[in-house]
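Undergrad: model this:
(chains A and B)
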Amino acid sequence: NAGVTQTPKFQVLKTGQSMTLQCAQDMNHNSMYWYRQDPGMGLRLIYYSASEGTTDKGEVPNGYNVSRLNKREFSLRLESAAPSQTSVYFCASTVQVKPEAFFGQGTRLTVV
Amino acid sequence: QKEVEQNSGPLSVPEGAIASLNCTYSDRGSQSFFWYRQYSGKSPELIMFIYSNGDKEDGRFTAQLNKASQYVSLLIRDSQPSDSATYLCAFAGDTGGFKTIFGAGTRLFVKA
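TA: As a prediction, the model looks like this:
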């Protein structure tokens, strides 16, 4: 049982490049999330999808877009990467009525 | 004003001692409270959740919640070197937990 799987695990981008972070869960969870984690700032919510077909902004959505492709998959896109987006990105999922989150292994992104 | 306050540490305790981690939050409407453990370079994993005032025990871990004081704590009894990690406090203001707020974490070091 894989749980929540993110790809890639590491990525280096040049300023202005675009990329998509992929996330898939096999736990039949309804809700999925994208967080970023920066030193000293904890996890901050970028976007979430409460259920298939819906997406909503979190605390720090600027510079990102998301797609809930189906119940299993939730992708995060950086259209024009900036050095301020250097961070560790975590995807997570929850059963809708229980907010305890299960996290993927993270993507360490560096924008130079 | 930060919504979740945690002492960043490091908190250092000897093996076998009780480690006490504390967290305060600002949202009086919060309904769900969580403690996640995060090893260096890894993703957060849920270790405790608590919804009601009082204590909740699970093995060596006890979570304590005081909604009147907006305070939640985690006690780790018989601390082991394997408990050395960063502990993230989190709370959700709604039952769906779509906007869970995470603290920056407290680093715990258990000395053998």
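Undergrad: Only C-alpha atoms from now on, for both contacts and neighbour counts.
TA: Will do.
Undergrad: quick one: pLDDT of the closest residue in space to residue B:102 that isn't next to it in sequence?
TA: Sequence neighbours aside, residue B:90 is the residue nearest to residue B:102 in space, at 4.3 Å (criterion: Cα to Cα, 6 or more residues apart in numbering or on different chains). The per-residue pLDDT reported for residue B:90 equals 93.
Undergrad: if I look at residue B:90, how far off is residue A:94?
TA: With the distance defined as Cα to Cα, to the nearest Å, residue B:90 ends up 14 Å from residue A:94.
Undergrad: Settle it for me: which of those two has more neighbours?
TA: Taking neighbours as other Cα atoms under 10 Å in any protein chain shown, residue B:90 and residue A:94 compare with residue B:90 leading, 27 against 23.
Undergrad: and residue A:16, which of the three is it?
TA: With DSSP: H, G, I helix; E, B strand; the rest coil as the basis, the three-state label of residue A:16 is coil.
Undergrad: wait, it sits on residue A:81?
TA: Yes - using Cα atoms under 8 Å, residue A:16 is in contact with residue A:81, at 4.8 Å.
Undergrad: And those two? Which one has more around it.
TA: For residue A:16 and residue A:81, the more surrounded residue by other Cα under 10 Å is residue A:81, and the numbers stand at 21 against 14.
Undergrad: can I assume that one is in contact with residue A:20?
TA: No - here residue A:81 lies out of contact with residue A:20, judged by Cα under 8 Å, at a distance of 10.7 Å.
Undergrad: in what helix or strand does the residue nearest to residue B:102 lie?
TA: Assessed by DSSP states H and E, residue B:90 sits inside strand B:85-92.
Undergrad: can you list contacts of that strand?
TA: For strand B:85-92, contacts defined as Cα atoms under 8 Å, 6 or more residues apart in numbering or on different chains pick out A:42, A:99, B:4, B:6, B:23, B:25, B:30-40, B:98-109.
Undergrad: can you check stretch A:60-74 too?
TA: Outside stretch A:60-74, the residues that touch it by Cα under 8 Å, 6+ apart are A:22-26, A:28-30, A:32-33, A:44-47, A:49, A:51-55, A:75-81.
Undergrad: Let's see it as CSV, backbone CA atoms only.
TA: Extracted in CSV, the C-alpha atoms of stretch A:60-74 (Å, rounded to 0.1, in the frame of the first residue of the first chain):
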residue,chain,number,x,y,z
VAL,A,60,-0.2,31.1,-0.3
PRO,A,61,-1.7,30.4,-3.7
ASN,A,62,0.1,33.1,-5.8
GLY,A,63,2.3,31.7,-8.5
TYR,A,64,0.7,28.2,-8.5
ASN,A,65,-2.1,26.4,-10.2
VAL,A,66,-3.6,23.0,-9.4
SER,A,67,-5.6,20.3,-11.2
ARG,A,68,-7.6,17.6,-9.5
LEU,A,69,-7.3,15.1,-12.4
ASN,A,70,-9.5,12.4,-10.7
LYS,A,71,-10.1,11.2,-7.2
ARG,A,72,-6.5,9.8,-7.0
GLU,A,73,-4.5,12.6,-8.5
PHE,A,74,-3.8,16.2,-7.6
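Undergrad: in that stretch, what's buried?
TA: Neighbour-count burial for stretch A:60-74, counted by 16 or more other Cα atoms under 10 Å in any protein chain shown, picks out A:61, A:64, A:65, A:66, A:67, A:68, A:71, A:72, A:73, A:74.
Undergrad: mind listing which of those residues are in strands?
TA: When DSSP state E defines the strands, the subset of the buried residues of stretch A:60-74 inside them is A:64, A:65, A:66, A:67, A:68, A:74.
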